[in-house]
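Undergrad: Quick one: sequence plus predicted model below, questions after.
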Amino acid sequence: MLMIGCDPGLTGALALIDSHRGLLECEDIPTMSNGTESGGMRKWVDVVAIDNLLTIWSAKHEFAYESVHATVERPIAMPNLPVQTSASSFDTFGSIRTILMLRLGAKFVHLVNPAEWKKAFGLKRDKNESRACCLRLYPTAPVKLVKHHNRAESVLVGHYGIGLLK
């Protein structure tokens, strides 16, 4: 089985894990300017680039011959965040969820709350914990830098998703 793990957000990531071969791919979510010069939300997800990425992964890893699922972290509204940040988070989540549902089918896209998957790994709020946990499971994961915590979380969300389906 192949699992796409997703930590949505403008600094989020997508990971592709094979339940037998391990981590196959991990990429930052591509973004693009939305044409706005001012305000808090000047970028959004590049849906065409994500679709192209999935096409490349599909050809490279033969999606047609595998069961392919996705697990996406559900965003949680945080009252202390600026409204633009919340709007961006939900916009990104909706865009990625839509692309995955169109590609894989709605029944193959699973949503998970952050607290649920983090509890399964014993993680708290420290992003370095996510990177360390990811590296224990997948030593070659591209999460060596502190700024790669979202990559680590996409891998962990995918790993968690595989466990849900076993």
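TA: Done, it's in.
Undergrad: quick one: L10 and V109, what's the gap?
TA: To V109, L10 is 20 Å away according to Cβ to Cβ, to the nearest Å. For glycine as for every other residue, the C-beta is placed from the backbone atoms N, C-alpha and C.
Undergrad: my read: V157 touches R74, true?
TA: No. Taking Cβ atoms under 8 Å as the definition, V157 is not a contact partner of R74, at 10.2 Å.
Undergrad: Quick check: neighbours shared by these two?
TA: Common neighbours of V157 and R74 (criterion: Cβ atoms under 8 Å, 6 or more residues apart in numbering): V112.
Undergrad: Looking only at neighbour counts, state which of the two leads.
TA: V157 (30 against 14; other Cβ atoms under 10 Å).
Undergrad: okay, the more buried one: pLDDT?
TA: Looking at V157, its pLDDT is 98.
Undergrad: which helix of the chain spans the most residues?
TA: helix 83-104 (DSSP state H).
Undergrad: what does the helix or strand just after that one contact?
TA: Moving toward the C-terminus from helix 83-104, the first helix or strand encountered (DSSP states H and E) is strand 109-112. Contact partners of strand 109-112, identified using Cβ under 8 Å, 6+ apart, comprise 69-74, 97, 100-101, 157, 160-161, 164-165.
Undergrad: Among those, which ones are in strands?
TA: Judged by DSSP state E, the contacts of strand 109-112 include 69-73 as members of strands.
Undergrad: All set now, cheers.
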